[in-house]
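[1] build me a model:
(one chain, ligands or ions: 1)
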Amino acid sequence: MAIKKAFHGGTFHGGLAGNPFIARFRKIEMKKQTKHEWFMREAISEALKGDVAKTSPNPRVGSVIVESGVIVGRGFFESDGGPHAERVALADLGRAPLRGATLYVTLEPCSTHGRTGACSQAIVESGISKVVVGALDPTSVHRGAGLVALQEAGVSVDPNVLVSECEAINPGFAGRET
Ligand SMILES: [Zn+2]
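    Below you'll find the model as predicted:
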């Protein structure tokens, strides 16, 4: 899928290393990554509150909502058939997010309407400005689709933050292909 390549945009390789503008951009990127990683770790700790016995066969997922550097909503996926982490975090916030609010989630938001509706749609409707994502959904039908849905609706998407840590939440899930 072509989009996968686009999602790695922003990473520079080889010949550009000596360019002072690129070096400066890299510094900014690193700063941003550090902030993203810090909040993603909070989302990971939310995900780990899930009990595998209850979430199975679904993966454990955690989410936090950040406004001006402050976590204002948290959520994790608790049980099969229950609301997904993103919806729990939005409900925890309990109001419309402020302009510029960022939602962090350990796994790409779902793009299909299941029992609880697509989270990518719920995020768009909530007014969240930006979504930072850890792991992609390994299933070929979903992989990247949730991110495309968000981007098409005008939500800024920053994927691939702490991917291996996010994948480690659900051993075996990352390699699953259905
Ligand atoms: Zn979902």
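[2] which residues in the chain form helices?
    Taking DSSP state H as the test, the helices found in the chain are 2-6, 20-47, 52-55, 85-93, 119-126, 145-152, 163-168.
[3] can you say which of those helices is nearest to the ion?
    With Cβ to the ion, the closest approach to the ion among those belongs to helix 119-126: 3.2 Å. For glycine as for every other residue, the C-beta is placed from the backbone atoms N, C-alpha and C.
[4] in this protein, where is pLDDT below threshold?
    Flagging of the chain using pLDDT under 70 yields the residue ranges 1-33, 113-116, 174-178.
[5] hey, what's the residue most central in space within it bridged with?
    The structure's the chain has its C-alpha centroid closest to Val133; by Cα atoms, centre = their mean the separation is 2.2 Å. For Val133, the beta-bridge partners are Val105 (DSSP bridges).
[6] returning to that earlier point: could I get the helices of the chain as JSON lines with distance to Ala101 and mean neighbour count?
    Output for the helices of the chain, formatted as JSON lines (distance: least, Cβ to Cβ, whole Å; neighbours: other Cβ atoms under 10 Å):
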{"stretch": "helix 2-6", "distance to Ala101": "24", "mean neighbour count": "10"}
{"stretch": "helix 20-47", "distance to Ala101": "12", "mean neighbour count": "16"}
{"stretch": "helix 52-55", "distance to Ala101": "26", "mean neighbour count": "13"}
{"stretch": "helix 85-93", "distance to Ala101": "8", "mean neighbour count": "23"}
{"stretch": "helix 119-126", "distance to Ala101": "9", "mean neighbour count": "21"}
{"stretch": "helix 145-152", "distance to Ala101": "14", "mean neighbour count": "21"}
{"stretch": "helix 163-168", "distance to Ala101": "21", "mean neighbour count": "17"}
